[in-house]
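Asks: just the structure for this:
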Amino acid sequence: MVHVLFLGTYTPRLDDKGRMILPAKFRERLAGGVVITRGQERCLYVFTQADFDGVVEQWQSSPTSSKTVRDYQRFFLSGASDEIPDKQGRVTVPPLLRTYAGITGDCTVIGAGNRLEIWDTQAWETYTEEHEQSFADLSEEVVPGLM
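Replies: Here you go, the predicted model:
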């Protein structure tokens, strides 16, 4: 199966009802439904339903005897919301997730390979400022053999 990567940076706004217009470039791929959930660094992860199902399937083989696994699954899945984009390509970002990510209006959507990430715009700007230099300074391969 060939996966289309999510790439790029987009700057939609949340409307008064907590809806966000998905980037036009990805609307067709996301039309069948998305799952929005808590991500790391206080952003939100947006997966296609199929990709989310794959993540959950991988977890089925994880040891539930591990407290770390249980804790992560609880946090990740308890915040998950499945959404179907409307005809204008909008999805509702539930209040729990908006609060978690600190999103009130301006947001930044970034492509992160197998998912999109939704960030509060100010939080994204702070994150990039804090991490840009370390990215530029990397002297060793992050992924061996990639570059």
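Asks: please count neighbours and contacts with C-alpha atoms only from this point.
Replies: Fine.
Asks: would you map the strands across the protein?
Replies: 9-10, 19-21, 34-38, 44-48, 81-83, 90-92, 107-111, 116-120 (DSSP state E).
Asks: so can I have TSV of those showing mean pLDDT, distance to R74 and mean neighbour count?
Replies: Shown next, in TSV, are the strands of the chain (pLDDT from 0 to 100; distance: least, Cα to Cα, whole Å; neighbours: other Cα atoms under 10 Å):
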stretch	mean pLDDT	distance to R74	mean neighbour count
strand 9-10	97	29	15
strand 19-21	96	25	20
strand 34-38	97	11	25
strand 44-48	97	15	24
strand 81-83	97	13	19
strand 90-92	97	22	20
strand 107-111	97	25	21
strand 116-120	98	20	25
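Asks: take these and write them to CSV, including distance to S66.
Replies: CSV is the format used below for the strands of the chain (distance: least, Cα to Cα, whole Å):
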stretch, distance to S66
strand 9-10, 36
strand 19-21, 36
strand 34-38, 21
strand 44-48, 24
strand 81-83, 25
strand 90-92, 33
strand 107-111, 31
strand 116-120, 27
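Asks: run through the bridge partners of the residue nearest to the spatial centre of the chain.
Replies: Nearest to the geometric centre of the chain sits Y45, at 1.8 Å (Cα atoms, centre = their mean). Taking DSSP bridges as the rule, Y45 bridges to T37, E117.
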